[in-house]
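Peer 1: the following comprises the amino acid sequence and a computationally predicted model.
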Amino acid sequence: MRNTAPAIDIGIEKQRRTDIAKGLSLLLADEYTLYLKTHNYHWNVTGPMFNTLHKMFEEQYLELAPAIDEIAERIRTLGEPAPGSYKEFAQLSSVSEASGQEDAEEMIRELVLAREAVVRTARKMLPAANEADDEPTADLLTQRMQVHEKTAWMLRSLLQ
């Protein structure tokens, strides 16, 4: 006889959990695409600021990796499958991919735009999380917005 897991009963109705997970899937796709873009720039940056940007981009993609995992795990906690393929991420993400052929200044500009796109995706999710009294998701969204807004500010300061 096969054991079955009990239904999820965390105080958030199933439809709300599903809706929140769908929104988190968009955030996951944005974060993962930003991770790839940042890693690409880390590998391919050239010019007088090479050392500074190479190290900065590395710090940024290393920060993104555990955040991506946390978002995917939150989706699973809510009872939904997390997207995990390039195809799914490409369909869901609002962040554009990078060629790696951009010059250093364009890389910085593109990362500012990408960071702000991720913030917008997360911000759109807050009302659904708050309406469902889903504090863990709201906290996750707030933390991610704070990281991306600060990083966008730091990157933007390199262009001024």
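Peer 2: Received, thanks.

Peer 1: does the closest residue to residue 109 other than its chain neighbours count as helix, strand or coil?
Peer 2: In this structure, residue 109 finds its nearest non-sequential neighbour in residue 159, 6.4 Å apart by Cβ to Cβ, 6 or more residues apart in numbering. Using the backbone N, CA and C atoms, a C-beta is placed for each residue, glycine as well. Under DSSP: H, G, I helix; E, B strand; the rest coil, residue 159 falls in the coil class.

Peer 1: any idea which helix or strand comes after whichever helix in the chain runs longest?
Peer 2: With DSSP state H setting the assignment, residue counts place helix 14-44 as the longest helix in the chain. Reading on from helix 14-44 to the C-terminus, the next helix or strand found by DSSP states H and E is helix 50-77.

Peer 1: could you dump the following helix or strand past that next one to CSV, C-alpha only?
Peer 2: Remark: after helix 50-77, the chain's next helix or strand is helix 86-92, criterion DSSP H and E. C-alpha atoms of helix 86-92 as CSV (Å, rounded to 0.1, in the frame of the first residue of the first chain):
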residue,chain,number,x,y,z
TYR,A,86,15.8,27.5,-20.3
LYS,A,87,12.7,27.2,-22.5
GLU,A,88,10.4,27.9,-19.5
PHE,A,89,12.6,30.8,-18.3
ALA,A,90,12.7,32.4,-21.7
GLN,A,91,8.9,32.3,-21.9
LEU,A,92,8.4,33.7,-18.4
